[in-house]
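> quick one, fold the following:
(chains A and B)
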Amino acid sequence: MIEKSYAGMDHFIWWMGVVENRQDPLFLGRCQVRIYGIHTDSLVDLPSASLPWAIPVQALNNHTFTTPKETDVVFGFFADGRASQMPIMMGIVPGIETNAQNTGLGYHDLRDDVTVKAAPQVVTDREYKTDGTGSTIKQEPVGRYPTAIAMNVPTITGLSRFDLNPSDVMQSRISKPYPTFNSAAGKSWQEPKPKFNPVYPYNQAFTSESGHTLEFDDSKGAERVNLSHRSGSFIEFFPDGSKVEEVVKDNYRIMYSNDHIVIMGQAMVTFGSDVYIKAAGNIYLEGGNNMNVSVSGTMNLSVGEALNIKAQSVSMDIQKDLNVTAAGNQFLTAGGDMNIFGQGSVYASAGADFDVLAGTNANIQASSGVNLVGGTVNMNSGGGSTPATAAKPSGIDSPAQRSAYNKF
Amino acid sequence: MADSTTNIDGGLHSASDYVLSSFMITTSDGKQIDLAKMVNSFNLYEDIFTPFITGDVDIGDAMDIFNNFVIRGNEYVYIKLDKPSLDKPIERYFRIWKINDRNITSQALQNYKIHFCSDEMILSSQMYMRKAYTGMTIDNMVKDVLNKILVVSSDKMANGIFSSTAGNYSIVVPRMRPFEAASWLTSRAYNDSATLYFFFENRDGYNFASFEDLIKLPIYNTYSRSPKTTQEPNQNLNSFSFIRFVNEFDVLNGIRYGQFNVTLYSFDIIKRIFKYDEFSSRNLNKNSTLNGNVPINYAQDRFTNTMYDYPDATTKFLYKTDSDPNVPATNPEKWLLPHALKLAQLTSAKIVINVPTDYMLKVGMCINLDIPKMQPQDQSYAQNEYSSGKYLITSVHHGITGDVSSTTLELMCDSLGEALPSAVNDSAVMQAVKNS
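Numbers count the residues shown, from 1 in each chain, chains lettered A, B, ... in the order given. Alright, predicted model coming up:
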């Protein structure tokens, strides 16, 4: 015996219909659907607002919220059988849209102007700027469905069938300029161009109303994963595993714990403007080979405590003056000789005593005179004195001779 | 055969007298011809579960009307069926929908059967409704179907019964024929004092009536078996000449369809509320029965339960979205349960009787039936106190064959004229039987 009025045991009545409204006041993803055959296209007999709310069935693997949009053709069944007051939506039926907009007839997008105006916008143009101000877009309301560009084409995203339209980020990426970016040491690089080459039906793709996209492209030789924002920002994994991440405006990256980066090859970083780096703790820079720092302006090195430099040798090629000032004592210590050489005069001035001490001899030689001026000039010799001769000094090196060992 | 009387003005000669004064066919090209004199037999049917009247006539055609007037369907036919001394003949238009059994018996004579029905039946069969009713009562929706969809004449609307219903609904009629829609809407009708609604047509027009409103109407007549009277049945307008108890009771069908209890399980999809509502015939007060006495006793079974103690005997299960505050609730527990129970009660007992031709009889009326108790001929009349009582006319058949006419009534009853003996469940005999 088949019982009547027993859900599930009465007739299973399935249907197809057109979504006319998805503004569910209960936020359950329900849509008002005008069902072919069951309902009429007359808005007098059946206003859009009187359509029953079709309840969606979600995929079992998640609770992702998705809802069809107006003019989408959906498929489902009636939970109340022949009474047909309680439709359940099970999926969207794709097709080739041939029904132009018509707000005077059911089975069309009948949203009022206010609702349409508040709906998502579509990007009509993207301008990629390289002056550091970020890229800009132009946009306009999507409007009622179907849009002109959606007429007579399949309702599935053009990303899956290689039919891009100007609003697609991928289209912009294909047509945008690819400048060369200079890095340090004369190095330069370019952003790789997209390897977009989907073959139907292998690109599983999604395009949102405003133009966000998600692609999992299995097309042979063009396997990609791409997540794009309608503005043009995207992250894409290329067929060879390369990744391109492009942000058309500001980028923020914040980690509340550690960050680890390993770059096995070269790293080329180009900053278009100032760079600010601050570490709350220590900074360690290690180079396996040389480290080259080059600035076109002034380089200021400010150290709060000690500046310790350890090297096999230190060479400073200073094109102008060298000023070394110490608020306290200053010590110059050499394991071997210490040479001070000036093309002009050499001044050694002391506010207090000026001591010249030599472990062995102290030699003062001048091409002309030697002047010793003091309130008192004491000269004391522990041994015998040797009279000075101008013709051929002996026993000591002259300053000129010593300069041959000067390392400056 | 147009009548069975020789003097219409002379009044009633016999209970089977009739006058078929018109069977006027109007063809599609505007020709009219009255076939009343050619009618060999005539049948007219009303049914409380059917929203239209049907009928048929056997015609003996010696003028080849069939071909000369090109009767091929769609013709209108005006019928006037009267009985001397009755004040209101059946007088209305129908439409021809079929001719069959056409036999050419001689070069000059052919017989055929013309089937006709209410015009709205053909109209309803030709159209579908797909219409939204928002925030309306069911009775107003049904009126809309009749007035706006079928554009029924005011005559057919003026004399019927239209009971009120409770609750405002928002319903989209889902591709139904207008009559189908009206009947479907009727099945969802309720109010606090009504259990079951009927949508039907009778001789006076269309009706949307609750069972309770029908049984409140004055009893049209009391019919009794002629042994109680001194007259021959066909001379006595209050006598029935034939009675057949089509169904006295059917416990298994009663259980199946909810005569004793009905339970509705429902799951509200929006707020995920699963609940069940029970409705028992014990809930019905006497105003909701014809005679007030339950037709099945309270004998207990081995579980010490009576027939009325199994709420799960008949179950319904519906999904609903009544917790959606933006749409009027459908409240199936308010109409589905009493509707099922009352219908099962009513259809459990069915009697067919023949009564003297009376064109005033119509479905939806209540009559009293005085049924004799079966006993030896030499004993005086005694009434069967259980079967006698008030009945609802659920079908009427006016038939004419030759000079004889009759009216056959199908009657239904939900209760007994007198209370059954109390069940003695704790008696030794009962205990032994139950545990055998």
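
> can you map out the strands along chain A?
A:14-21, A:31-35, A:53-56, A:73-78, A:87-92, A:121-127, A:136-141, A:180-182, A:188-190, A:203-207, A:213-217, A:224-228, A:234-237, A:243-246 (DSSP state E).

> please report how far residue A:321 lies from residue A:346.
14 Å (CB to CB, to the nearest Å). In short, each C-beta sits where N, CA and C put it, glycine included.

> which regions of the stretch 1-150 of chain A sit below the pLDDT cut-off?
A:1-3 (pLDDT under 70).

> can you list the residues of it near chain B?
Residues of the stretch 1-150 of chain A lying close to chain B (CB under 8 Å from any CB of the partner chain) are A:1, A:3, A:5-8, A:25-26, A:28, A:35, A:37-40, A:42, A:45-47, A:50-53, A:55, A:79-80, A:82-86.

> if we use 6 Å, what do you get?
By the criterion of CB under 6 Å from any CB of the partner chain, the positions of the stretch 1-150 of chain A lying close to chain B are A:5-7, A:25, A:38-40, A:45-46, A:50, A:52, A:55, A:79, A:84.

> check residue B:389 and give its pLDDT.
For residue B:389, the pLDDT comes out at 95.

> contacts only, for the closest residue to it other than its chain neighbours.
Setting aside the residues directly before and after it, residue B:389 is nearest to residue B:417 in space (CB to CB, 6 or more residues apart in numbering or on different chains), at 3.2 Å. Shown in contact with residue B:417 (CB atoms under 6 Å, 6 or more residues apart in numbering or on different chains): B:291, B:385, B:386, B:388, B:389.

> which among the residues you listed gets closest to chain A?
Nearest to chain A out of the contacts of residue B:417 is residue B:291 (CB to the nearest CB; 28.2 Å).

> about what we covered before: of the contacts of residue B:417, keep whichever come out buried.
Among those, those classed as buried by 16 or more other CB atoms under 10 Å in any protein chain shown are B:291, B:386, B:388, B:389.

> out of those, which sit inside strands?
The strands, defined by DSSP E, take in residue B:389 from those.

> kindly reformat the buried ones among the contacts of residue B:417 as TSV containing distance to residue A:373.
Converted to TSV, these look like this (distance: CB to CB, whole Å):
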residue	distance to residue A:373
B:291	151
B:386	156
B:388	159
B:389	155
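
> more neighbours, residue A:321 and residue A:346?
The residue with more neighbours, out of residue A:321 and residue A:346, is residue A:346; 9 against 5, by other CB atoms under 10 Å in any protein chain shown.

> how much space separates the more buried one from chain B?
Applying CB to the nearest CB, to the nearest Å, the value for residue A:346 to chain B is 96 Å.

> now that residue. Nearest residue, chain neighbours left out?
Using CB to CB, 6+ apart and skipping residues adjacent in sequence, the residue nearest residue A:346 is residue A:340, 6.1 Å away.

> ok, so of the buried ones among the contacts of residue B:417, who is nearest residue B:379?
Set against residue B:379, the nearest of the buried ones among the contacts of residue B:417 by CB to CB is residue B:388 (17.0 Å).

> phi, psi of the closest one?
The phi and psi values for residue B:388, taken as degrees, to the nearest 10, are phi -70, psi 150.

> same check, this time on residue B:240
Per degrees, to the nearest 10, the backbone of residue B:240 is at phi -100, psi 140.

> that one pairs with what?
residue B:225 (DSSP bridges).

> got the contact list for it?
Residue B:240 is in contact with B:223, B:353, B:355, counting by CB under 6 Å, 6+ apart.

> the host helix or strand of the first one - contacts with which helices or strands?
Assessed by DSSP states H and E, residue B:223 sits inside strand B:222-225. Counting contacts by 3 or more CB pairs under 6 Å, 6 or more residues apart in numbering or on different chains; DSSP states H and E, strand B:222-225 packs against strand B:366-370.

> kindly recompute the last result at 7 Å.
Strand B:222-225 is packed against strand B:239-240, strand B:366-370, with contacts defined by 3 or more CB pairs under 7 Å, 6 or more residues apart in numbering or on different chains; DSSP states H and E.

> pLDDT on it, on average?
Mean predicted lDDT for strand B:222-225 stands at 90.

> out of the contacts of residue B:240, which is nearest to residue B:317?
The shortest approach to residue B:317 among the contacts of residue B:240 belongs to residue B:353, at 39.3 Å (CB to CB).

> residue B:149 reaches residue B:129, doesn't it?
Yes: with contact defined as CB atoms under 7 Å, residue B:149 reaches residue B:129; the gap is 5.9 Å.

> which neighbours do those two share?
Listed as contacting both residue B:149 and residue B:129 by CB atoms under 7 Å, 6 or more residues apart in numbering or on different chains are residue B:178.

> residue 152: how many residues sit nearby?
With no chain named, the answer covers chain A. Residue A:152 sits with 10 neighbouring residues when counted by other CB under 10 Å.

> please go with chain B instead
Neighbours of residue B:152 using other CB under 10 Å come to 22.

> just residue B:74 next, same as before
By other CB under 10 Å, neighbour count at residue B:74 equals 11.

> so what's residue A:125 closest to, chain neighbours aside?
In space, residue A:125 is closest to residue A:138, 4.2 Å off (CB to CB, 6+ apart).

> my guess is that neighbour meets residue A:124, correct?
Yes: under the criterion of CB under 7 Å, residue A:138 makes contact with residue A:124 at 4.9 Å.

> spell out which parts of the stretch 101-250 of chain B neighbour chain A.
Residues of the stretch 101-250 of chain B lying close to chain A by CB under 7 Å from any CB of the partner chain are B:130, B:131, B:132, B:134, B:170, B:171, B:172, B:174, B:175.

> residue contacts, residue B:42?
Per CB under 7 Å, 6+ apart, neighbours of residue B:42: B:20, B:57, B:400.

> for chain A, see how far away it is.
To chain A, residue B:42 is 37 Å away according to CB to the nearest CB.

> so, low pLDDT: which residues of the stretch 1-150 of chain B?
Counting by pLDDT under 70, the stretch 1-150 of chain B contains low-confidence ranges at B:1-16, B:85-87.

> on that earlier part again, right, and the strands of chain A - which one's nearest residue B:343?
For residue B:343, the closest of the strands of chain A is strand A:73-78, at 23.7 Å, according to CB to CB.

> what residues does that closest one touch?
So strand A:73-78 is contacted by A:12-19, A:33, A:54, A:68, A:84, A:86-93, A:95 (CB under 7 Å, 6+ apart).

> same thing with stretch A:202-211?
Contacts with stretch A:202-211, where a contact means CB under 7 Å, 6+ apart, come from A:69, A:120-123, A:142, A:157, A:159-160, A:167-169, A:213-219, A:230.

> count the residues that sit near the closest residue to chain A within the stretch 151-300 of chain B.
Of the residues in the stretch 151-300 of chain B, the one nearest chain A is residue B:174, at a distance of 3.4 Å by CB to the nearest CB. Neighbour count for residue B:174, taken as other CB under 10 Å: 25.

> pLDDT score for it?
Residue B:174 carries a pLDDT score of 95 in this model.

> so what's the residue lying closest to it once chain neighbours are set aside up against?
Nearest residue to residue B:174, sequence neighbours excluded (CB to CB, 6+ apart): residue A:84, at 3.4 Å. Neighbour list for residue A:84: A:13, A:38, A:78, B:174 [criterion: CB under 7 Å, 6+ apart].

> run through the stretch 151-300 of chain B and note the low-pLDDT ranges.
B:226-235.

> can you pull out the helices in it?
Using DSSP state H, counting those that start in this stretch, the helices of the stretch 151-300 of chain B run over residues B:154-158, B:178-187, B:211-216, B:251-257.

> torsion angles phi and psi at residue B:148?
phi -100, psi -30.
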